[in-house]
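Novice: One predicted model, sequence on top.
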Amino acid sequence: MILRDKYLKKLIASKNNGFPKVITGVRRCGKSYLLKEIYRSYLLKNGVLNKNIIVIELDDDKNVNLRNPLELGKHVRKLCERKRNCYVFIDEIQLVDTIINPIYTDGKIVFAKHGEEHTISFVDVILGLSREKNIDLYVTGSNSKMLSSDVITEFRDKATNIHLQPLSFEEYYNYVGGYKEEAMFDFIKYGGMPLAVLKPEEEKSEYLISLFKKTYFRDILEHNNIDKTEALDELCNVISDCVGELINNEKISNTFKSVKKENIDKDTVGKYINYFVDSFILSEVTRYDIKGKRKIGALRKYYFVDTGLRNARLNFSKFDEGHLIENLVYNELIYNGYTVNVGTYNRVEKNKNKESIKKTYEIDFYAIRGTEKLYIQIASDISNIETKEREIKPFKHINDGVKKVLVVNRPLKEINDDNGYTIIGLTDFLLRFIK
């Protein structure tokens, strides 16, 4: 069993808190397994009777009638009658149909169209069941209808949202073991999607490529009613190619025009990117002026929720170590509870002609967790003194007391250099430093 202790602890902490637990995350990251195997096992070991754990799988043809929201609510309440404490797991909740309230349709079941009023949906079922005093409710969903951020907004202040990511490096390494640096190489290449981790080496690439094409794209197309896929597909390739680079919608639009000889305006680019962000495939990271203390500009960086998925988009043909490590470090910082921005600041300097010019410096990540603040630079190697100097140069003009860390993809122990900067190997940074 691949352990997901962080998320198990969150479930335990939210047990019987009076709110429904809505487990979100990109498809195939292990939501159902977390609930039906790991958490269920915990409940049984801690005195909950098996008959009081009710699992409803809405993708089972035996339960198609429960896709009617009224029938689902009625069914769950009946199963929980005369039971003191019931733990109800509803899987694939997004399969529940949205209907018009039968009060307005002479008692008939009429499927609602987008934008219609007086509707009843899975949101109503979840909120209704969670008010039953003997029901502790947990729901998962596996397509973009459930994963979309607009659904999460509907549950704000009314639910406990537990957002699941693919395996962290710590979770992955605890499972595979072996030499850390070898494990790291495989993790950067294939990522931490649980089923990919479990597959033999020769099947990993094929699985991840298929997952993107047949699952993620299909979800996005269905959720957003898109017929033509070429532009969306190509946009994803462009983003994959630009991981870790500062880009904006206009730059991507210009790339289409110059490389693909196709016109896609920047508004359409922005809309398409949001489809991937809403489905938790991509994360958008903004720039933060560390001297002006504010977010700035239209330039953004985009990172994939999993490096294996990013590599799959490019058919594993482009292994640019620096950007992949940057993507990995971003994901791990988020997993460990940091908020992350790209750090930037301007400084007036003299050029070769002794003229004053404004120069912009960029720090890969400005990460905050509680009172802890870090400036983080990522490097593949610093054995060359010029490379090291280039990487730490953005640190030299900042004297605000924030800890400065250079993360290197080499087996290095943590040291402090003459300037007081922390230099640390990637695996030590992930497995110990940011814990």
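Specialist: In hand now; what should we look at? Just so we're clear, the structure is a prediction, and the values are computed from it rather than from any experiment.
Novice: Can you check which helix is longest in this structure?
Specialist: The helix that spans the most residues within the chain, counting by DSSP state H, is helix 321-335.
Novice: What lies in contact with the helix or strand following it?
Specialist: Using DSSP states H and E, the helix or strand that follows helix 321-335 towards the C-terminus is strand 339-350. The list of residues contacting strand 339-350 from outside it, by Cβ atoms under 8 Å, 6 or more residues apart in numbering, reads 246, 285-292, 295-296, 301, 330, 333-334, 356-369, 375, 394, 397-398. C-beta here means a position set from N, CA and C on the backbone, and glycine is covered the same way.
Novice: The following helix or strand past strand 339-350 vs strand 339-350, what angle?
Specialist: Sequence order places strand 356-369 as the next helix or strand after strand 339-350, per DSSP H and E. Relative orientation of strand 356-369 with respect to strand 339-350: 160 degrees, computed using axes from the mean of the first three to the mean of the last three Cα atoms, to 10 degrees.
Novice: how about strand 356-369 as CSV, C-alpha atoms only?
Specialist: Written as CSV, here are the backbone C-alpha positions of strand 356-369 (Å, rounded to 0.1, in the frame of the first residue of the first chain):
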residue,chain,number,x,y,z
SER,A,356,22.2,54.4,-15.2
ILE,A,357,19.9,51.7,-16.3
LYS,A,358,17.1,49.8,-14.5
LYS,A,359,17.7,46.1,-14.2
THR,A,360,15.2,43.5,-13.2
TYR,A,361,16.2,40.5,-11.1
GLU,A,362,14.2,37.3,-10.7
ILE,A,363,14.2,34.8,-7.8
ASP,A,364,12.7,31.4,-8.8
PHE,A,365,10.4,31.2,-5.7
TYR,A,366,9.4,33.4,-2.8
ALA,A,367,7.8,30.9,-0.4
ILE,A,368,5.9,31.7,2.8
ARG,A,369,4.5,29.3,5.4
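Novice: Could you count how many residues lie near Glu372?
Specialist: Glu372 has 12 neighbouring residues, counting by other Cβ atoms under 10 Å.
Novice: cool, Asp417 as well?
Specialist: The local packing of Asp417 (other Cβ under 10 Å) involves 12 other residues.
Novice: wait, it sits on Ile423?
Specialist: Yes: with contact defined as Cβ atoms under 8 Å, Asp417 and Ile423 form a contacting pair (5.9 Å).
Novice: picking up where we left off before, what packs against the longest helix of the chain?
Specialist: The contact analysis (3 or more Cβ pairs under 8 Å, 6 or more residues apart in numbering; DSSP states H and E) places helix 321-335 against helix 180-190, strand 282-289, strand 294-304, helix 307-313, strand 339-350, strand 356-369, strand 372-379.
Novice: would TSV of these with mean pLDDT and distance to Lys404 be doable?
Specialist: Formatted as TSV, the entries for the helices and strands packed on helix 321-335 read as follows, by pLDDT from 0 to 100; distance: least, Cβ to Cβ, whole Å:
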stretch	mean pLDDT	distance to Lys404
helix 180-190	96	23
strand 282-289	95	16
strand 294-304	91	20
helix 307-313	96	25
strand 339-350	93	10
strand 356-369	94	9
strand 372-379	97	5
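Novice: among these, which is nearest Lys266?
Specialist: strand 294-304 (9.5 Å; Cβ to Cβ).
Novice: May I see the buried residues of that closest one?
Specialist: Across strand 294-304, burial judged by 16 or more other Cβ atoms under 10 Å covers Arg300, Lys301, Tyr302, Tyr303, Phe304.
Novice: And the contacts of strand 339-350, which of them are buried?
Specialist: Of the members of the contacts of strand 339-350, the ones counted as buried by neighbours, 16+ other Cβ under 10 Å, are 246, 285, 287-290, 301, 330, 333-334, 361, 363-368, 375, 394, 398.
Novice: in this structure, which helix or strand is least confident?
Specialist: Using mean pLDDT, DSSP states H and E, the weakest-scoring helix or strand in the chain turns out to be helix 144-147, at a mean of 61.
Novice: so who does Leu246 touch?
Specialist: For Leu246, the contact set (Cβ under 8 Å, 6+ apart) comprises Arg287, Leu299, Arg300, Lys301, Val342, Glu362.
Novice: Next one: it from Tyr104, what distance?
Specialist: Counting by Cβ to Cβ, to the nearest Å, the gap between Leu246 and Tyr104 amounts to 51 Å.
Novice: next one: Tyr7
Specialist: Tyr7 sits 41 Å away from Tyr104, going by Cβ to Cβ.
Novice: These two: who's more crowded?
Specialist: Tyr7 (22 against 13).
Novice: Compute the inter-axis angle for the one helix or strand that one maps to and helix 321-335.
Specialist: Per DSSP H and E, Tyr7 falls inside helix 5-14. Between the direction of helix 5-14 and that of helix 321-335, the angle (the same axes, to 10 degrees) works out to 20 degrees.
Novice: how about helix 5-14: buried residues?
Specialist: For helix 5-14, the buried set under the neighbour-count rule, 16+ other Cβ under 10 Å, comprises Lys6, Tyr7, Lys10, Leu11, Ser14.
Novice: Give me the distance from it to the chain's centre.
Specialist: In terms of Cα atoms, centre = their mean, to the nearest Å, the gap separating the centre of helix 5-14 from the centre of its chain is 18 Å.
Novice: Quick check: mean pLDDT of it?
Specialist: Throughout helix 5-14, pLDDT has a mean value of 97.
Novice: Also stretch 242-261?
Specialist: Computed over stretch 242-261, the mean pLDDT rounds to 82.
Novice: can you check stretch 75-95 too?
Specialist: For stretch 75-95, the per-residue pLDDT averages 94.
Novice: CA atoms of it as CSV?
Specialist: The C-alpha trace of stretch 75-95 is given here as CSV (Å, rounded to 0.1, in the frame of the first residue of the first chain):
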residue,chain,number,x,y,z
HIS,A,75,-31.6,6.2,-0.3
VAL,A,76,-28.8,7.4,2.0
ARG,A,77,-31.2,8.5,4.7
LYS,A,78,-33.0,5.1,4.6
LEU,A,79,-29.7,3.2,5.0
CYS,A,80,-28.8,5.3,8.0
GLU,A,81,-32.1,5.0,9.8
ARG,A,82,-31.8,3.9,13.4
LYS,A,83,-28.0,3.9,13.2
ARG,A,84,-26.1,6.1,15.6
ASN,A,85,-23.1,7.2,13.6
CYS,A,86,-22.8,6.5,9.8
TYR,A,87,-19.8,7.2,7.7
VAL,A,88,-21.1,7.7,4.1
PHE,A,89,-18.7,7.6,1.1
ILE,A,90,-20.2,8.7,-2.2
ASP,A,91,-17.9,8.1,-5.1
GLU,A,92,-18.2,9.8,-8.5
ILE,A,93,-20.7,12.4,-7.1
GLN,A,94,-20.5,14.3,-10.4
LEU,A,95,-22.6,11.6,-12.0
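Novice: Okay then, goodbye and thanks.
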